[in-house]
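Student: Quick one, fold the following:
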Amino acid sequence: MAFQLPPLPYSTNALAARQMCQETLELHHGKHHQAYVTALNGFVEKNPALQGKSLEDIIKLSYNNPDLAPVFNNAGQHWNHILFWQAMSPTEGGKIPGRLEQKLVSDFGSVAAFKEAFKAAGVGQFGSGWAWLVLAPDGKLKVTKTPNGSNPLATGEGKALLGCDVWEHSYYLDFRNRRPDYLQNWLDNIANYEFALAQLG
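Tutor: Numbering: from 1, shown residues only. Alright, predicted model coming up:
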């Protein structure tokens, strides 16, 4: 069964009022994400060892394996983007539910401190990559970052609750080279904290 591009959970213009324009979503979802899915399916088709495996299994199998680096890049980006689309909301963006707010305050000291740490991770990721809010193995919320198509599933740093794409195609039409402004806006107006709470369980 070939991997599929999941539909967006909202229309391509749904985030425009929150500074993520329709063209950004059309290109990011319909072109970039689709390209990762297409490439991944091509690799799986040519490699019997990958056939029948889940996306998560392929990511773990190919992580840090130089022979499977192209497989990992595309599998990782497919997984990352599946989470990314769900981690944004046109209606609830930026609203932090009480139980998650309590956990953020407990583990970071304040919501503002969490946002600063997340923003710093995204800004500090040289080149392309991701900033993440994860539930670490020790039960605490932590912020981490990964380069290119890597993610917390591969690195074992924890369960991803939120992931923000800091590849330039995510923000260049809306913010040009102002990655810090993109991240601040994402945290304040776009991030789906209800989804993060659901992931937290």
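Student: Now do residue 201, the pLDDT please.
Tutor: Each residue has a pLDDT score; the one for residue 201 is 88.
Student: Numbering from 36 from now on, please.
Tutor: Sounds good: first residue 36 from here, last item residue 236.
Student: other SSEs contacting the longest helix seen in the chain?
Tutor: Secondary structure assigned by DSSP state H gives helix 104-121 as the longest helix of the chain. Applying 3 or more Cβ pairs under 8 Å, 6 or more residues apart in numbering; DSSP states H and E, one finds that helix 104-121 contacts helix 69-81, helix 90-97, helix 187-190, strand 194-200. For every residue, glycine as well, the C-beta is placed using N, CA and C.
Student: Recalculate using a threshold of 6 Å.
Tutor: Here helix 104-121 touches helix 69-81, helix 90-97, strand 194-200, going by 3 or more Cβ pairs under 6 Å, 6 or more residues apart in numbering; DSSP states H and E.
Student: and the spatially most central residue of the chain, bridged to which residues?
Tutor: The chain has residue 198 as the residue nearest its centroid, 3.2 Å off, counting by Cα atoms, centre = their mean. Beta-bridge partners for residue 198, by DSSP bridges, are residue 167.
Student: Check the secondary structure at residue 131 for me.
Tutor: coil (DSSP: H, G, I helix; E, B strand; the rest coil).
Student: now do residue 180
Tutor: Applying three-state DSSP: residue 180 is strand.
Student: Can you show me the CA trace of the longest helix of the chain as PDB?
Tutor: The C-alpha trace of helix 104-121 is given here as PDB (Å, rounded to 0.1, in the frame of the first residue of the first chain):
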ATOM      1  CA  ALA A 104      19.800   8.400   3.900                       C
ATOM      2  CA  PRO A 105      17.500   9.400   1.000                       C
ATOM      3  CA  VAL A 106      14.800   7.100   2.300                       C
ATOM      4  CA  PHE A 107      15.100   8.600   5.800                       C
ATOM      5  CA  ASN A 108      15.000  12.200   4.500                       C
ATOM      6  CA  ASN A 109      11.700  11.600   2.600                       C
ATOM      7  CA  ALA A 110      10.100   9.400   5.300                       C
ATOM      8  CA  GLY A 111      11.000  11.800   8.000                       C
ATOM      9  CA  GLN A 112       9.600  14.800   6.100                       C
ATOM     10  CA  HIS A 113       6.400  12.900   5.400                       C
ATOM     11  CA  TRP A 114       6.000  12.100   9.100                       C
ATOM     12  CA  ASN A 115       7.000  15.700  10.100                       C
ATOM     13  CA  HIS A 116       4.400  17.300   7.800                       C
ATOM     14  CA  ILE A 117       1.600  15.000   8.800                       C
ATOM     15  CA  LEU A 118       2.100  16.300  12.400                       C
ATOM     16  CA  PHE A 119       2.700  19.900  11.200                       C
ATOM     17  CA  TRP A 120      -0.700  20.300   9.500                       C
ATOM     18  CA  GLN A 121      -2.400  19.100  12.600                       C
END
